[in-house]
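Novice: quick check, what structure comes out for this input:
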Amino acid sequence: QRGGLTCFSQTCFADYWSDLLSMAEDDSQAAPISIDPYKFSHRMALGKCLIEHTGGEAVWGGRLSSSSKHWYYGYLAQLDWQRRSGRLQDPRTWNAQRDVQTAADSSKALSSFCNDDRISKSSWWGYMNLNFSVAVYCGASQAGLVPTIELSDPSVLQDLGFQECVEHWKKFWSTHHQDFIKAVVAASDQHVGDAAAATKKAALTTLYKHLWNTHTDVIVSGLAHAKELGQLLPREDRNAGLGWCKMVELLSAMSWTLLSLDNLSEFGIGYLPTVRLAGTETVDWIQDHRPKEYVTITNLTKLKDASPDAMKQICRFWSRVTNWDFQRESMPLTVDVLSHGNGLRKALALGRVLGLAMAPQSLVEAGLWVGFLSIAVAVGSALHNQTSL
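Specialist: Here you go, the predicted model:
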């Protein structure tokens with residue numbers, strides 16, 4: 001949650017990464033590997049294969065591993081959180097009193113709430129993640145980037161929402177992601193030093209822009225076909241989940257480019273609720289024992305309730321703030337201070353982002369500002385002279 005990790009062995013993936021099902025194609029004539037879409041470990045194996053087959057060390061090599069700059073680690077971290085917090089289980093089996101007792105009996109550190117490998121077909125979170133794990137892989141497979149697979153549960157292939165999401169991801173992989181790879185390779189061949197770094201950074205920003213657009217399309221398709229599953233969730237967790245879905249609008253507005261394992265290890269994934277919200281008793285317990293997670297719950301619920309007009313205004317504000325590169329790169333710290341800092345730090349951070357939002361960001365805006373200031377000075381001078389008379 002907090003970040004500050006310095007090696008892969010400290011990450012949430014370390015316990016099982018080396019034991020995941022191998023997806024390597026040693027024999028081109030071999031039958032496709034069978035994948036159970038309702039197993040956590042199989043979804044993780046698909047993600048690991050995606051990371052290993054969509055760019056390589058030359059593109060994604062980083063501080064923690066040969067692929068630790070890959071954006072897909074952010075999605076795998078979400079899957080890990082959903083499992084650890086028990087959200088991939090059947091919500092009809094959740095019990096607030098029992099969950100609170102389980103959380104209280106575990107260590108105060110963020111130990112796993114649930115280690116079950118099975119993902120319930122009745123889990124709303126599990127269905128939504130299906131479209132960010134299995135569908136994303138199938139889209140990459142259809143784009144010719146990863147080995148083909150066979151799903152052990154063919155009913156998934158008949159799901160209209162899943163089919164739509166595969167098409168969304170296929171388009172992303174075959175166009176935007178390929179364009180990014182080509183741009184990075186060309187930058188390495190044609191430029192050196194700062195010029196190459198600047199070209200790669202611009203290409204990555206463009207890639208994330210298309211990623212958030214695709215993510216939005218996947219959320220829309222998933223929600224349209226998950227309404228019945230959503231009704232199975234306790235109201236508190238459903239509200240948080242729907243707010244979680246709206247987060248993509250903010251991430252897109254902020255041009256968020258910090259999903260890599262290197263970034264997550266440095267900044268953390270945020271204080272997501274480590275216990276599923278089985279009722280008001282769970283929320284009350286989190287408020288008393290994990291207050292930073294309670295702030296996240298409150299913010300997600302507010303996002304869920306925000307009107308379309310309000311979301312547009314919020315997104316417009318953060319888009320202006322993060323139009324400055326230095327601020328966009330420091331957004332994890334800014335968000336943390338605004339959410340969890342003391343009064344003074346919050347005031348300073350708020351003043352900073354307000355100033356950046358109001359600062360002119362084009363020659364036209366600069367001209368308008370100068371005009372407004374000139375008028376203000378003229379009016380002030382006139383009032384002063386009139387008062388003197």
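Novice: tell me the pLDDT of the closest residue to residue 333 other than its chain neighbours.
Specialist: Nearest residue to residue 333 in three dimensions, chain neighbours excluded: residue 267, at 7.4 Å (Cβ to Cβ, 6 or more residues apart in numbering). Where you see a C-beta, it was placed from the backbone N, CA and C, and this is true even at glycine. According to the prediction, residue 267 has pLDDT 90.
Novice: for residue 105, see how far away residue 267 is.
Specialist: 30 Å (Cβ to Cβ, to the nearest Å).
Novice: ok, these two, which is more surrounded?
Specialist: Using other Cβ atoms under 10 Å, the more surrounded residue of residue 267 and residue 105 is residue 267, with 19 against 7.
Novice: strands along this protein, start to end?
Specialist: Ranges of strands in the chain, per DSSP state E, are 33-35, 149-151.
Novice: what does the pLDDT read for the residue nearest the centre of the chain?
Specialist: With distances taken as Cα atoms, centre = their mean, the residue of the chain nearest its centroid is residue 74 (5.8 Å). Looking at residue 74, its pLDDT stands at 96.
Novice: okay but it is in contact with residue 256, surely?
Specialist: No: under the criterion of Cβ atoms under 8 Å, residue 74 is not in contact with residue 256, lying 9.2 Å apart.
Novice: quick revisit: with distance to residue 211, mean pLDDT and mean neighbour count added, can I get the strands of the chain in JSON lines?
Specialist: What follows is those, written out as JSON lines (distance: least, Cβ to Cβ, whole Å; pLDDT from 0 to 100; neighbours: other Cβ atoms under 10 Å):
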{"stretch": "strand 33-35", "distance to residue 211": "23", "mean pLDDT": "94", "mean neighbour count": "17"}
{"stretch": "strand 149-151", "distance to residue 211": "22", "mean pLDDT": "96", "mean neighbour count": "16"}
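Novice: can you put those strands in CSV and add distance to residue 101?
Specialist: Below are the strands of the chain laid out as CSV (distance: least, Cβ to Cβ, whole Å):
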stretch, distance to residue 101
strand 33-35, 35
strand 149-151, 37
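Novice: residue 293: which of those strands is closest?
Specialist: strand 33-35 (32.6 Å; Cβ to Cβ).
Novice: contacts for that closest one?
Specialist: Here strand 33-35 makes contact (Cβ atoms under 8 Å, 6 or more residues apart in numbering) with 21, 23, 42, 45, 46, 134, 147, 149, 150, 151, 152.
Novice: among these, which ones are buried?
Specialist: 21, 23, 42, 45, 46, 134, 147, 149, 151 (16 or more other Cβ atoms under 10 Å).
Novice: in TSV: the residues you listed, plus distance to residue 120.
Specialist: TSV is the format used below for the buried ones among the contacts of strand 33-35 (distance: Cβ to Cβ, whole Å):
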residue	distance to residue 120
21	21
23	24
42	15
45	19
46	19
134	15
147	27
149	21
151	17
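Novice: those in helices, which ones?
Specialist: 42, 45, 46, 134 (DSSP state H).
Novice: check those residues and tell me the two furthest apart.
Specialist: 45 and 134 (10.9 Å).
Novice: ok so, going back, any idea which of the ones in helices among the buried ones among the contacts of strand 33-35 is closest to residue 334?
Specialist: Closest to residue 334, out of all of those and judged by Cβ to Cβ, is residue 46, at 33.5 Å.
Novice: how much space between the spatially closest residue to the closest one that is not a sequence neighbour and residue 6?
Specialist: Nearest in space to residue 46, with sequence neighbours left out and distances taken as Cβ to Cβ, 6+ apart, is residue 137 at 4.2 Å. For residue 137, the distance to residue 6 equals 30 Å [Cβ to Cβ].
Novice: which of the two has more residues huddled nearby?
Specialist: residue 137 (28 against 10).
Novice: for the more buried one, give me its contacts.
Specialist: Listed by Cβ under 8 Å, 6+ apart, the contact set of residue 137 reads 46, 47, 49, 50, 146, 149.
Novice: redo that, cut-off 7 Å
Specialist: Residues near residue 137 by Cβ atoms under 7 Å, 6 or more residues apart in numbering: 46, 50, 146.
Novice: ok, the last one touching residue 53?
Specialist: Yes: proximity of residue 146 to residue 53 meets the contact threshold set by Cβ atoms under 7 Å, at 4.7 Å.
Novice: looking at those two, which is more packed in?
Specialist: More crowded of residue 146 and residue 53, by other Cβ under 10 Å: residue 146, with 21 against 18.
Novice: quick one, what contacts that one?
Specialist: Per Cβ under 7 Å, 6+ apart, neighbours of residue 146: 49, 50, 53, 137, 140.
Novice: if you set the cut-off to 6 Å instead, what comes out?
Specialist: The contact partners of residue 146, by Cβ atoms under 6 Å, 6 or more residues apart in numbering, come to 49, 53, 140.
Novice: from residue 46, how far out is it?
Specialist: Residue 146 is 8 Å from residue 46, by Cβ to Cβ.
Novice: equivalent analysis for residue 183, please.
Specialist: For residue 183, the distance to residue 46 - Cβ to Cβ - is 26 Å.
Novice: what does residue 237 give?
Specialist: With Cβ to Cβ as the criterion, residue 237 and residue 46 are 26 Å apart.
Novice: what does residue 174 give?
Specialist: 18 Å.
Novice: ok, residue 190 next?
Specialist: Residue 190 is 34 Å from residue 46, by Cβ to Cβ.
Novice: and the helices in the stretch 1-150 of the chain?
Specialist: 40-53, 57-60, 73-84, 96-105, 124-142 (DSSP state H, counting those that start in this stretch).
Novice: any idea which of those helices is most buried?
Specialist: helix 124-142 (a mean of 25; mean count of other Cβ atoms under 10 Å).
Novice: report the angle between it and helix 73-84.
Specialist: Helix 124-142 runs at 150 degrees relative to helix 73-84, counting by axes from the mean of the first three to the mean of the last three Cα atoms, to 10 degrees.
Novice: quick one: average pLDDT of helix 124-142?
Specialist: pLDDT averaged over helix 124-142 gives 98.
Novice: ok and it relative to helix 40-53, angle-wise?
Specialist: Going by the same axes, to 10 degrees, helix 124-142 makes 40 degrees with helix 40-53.
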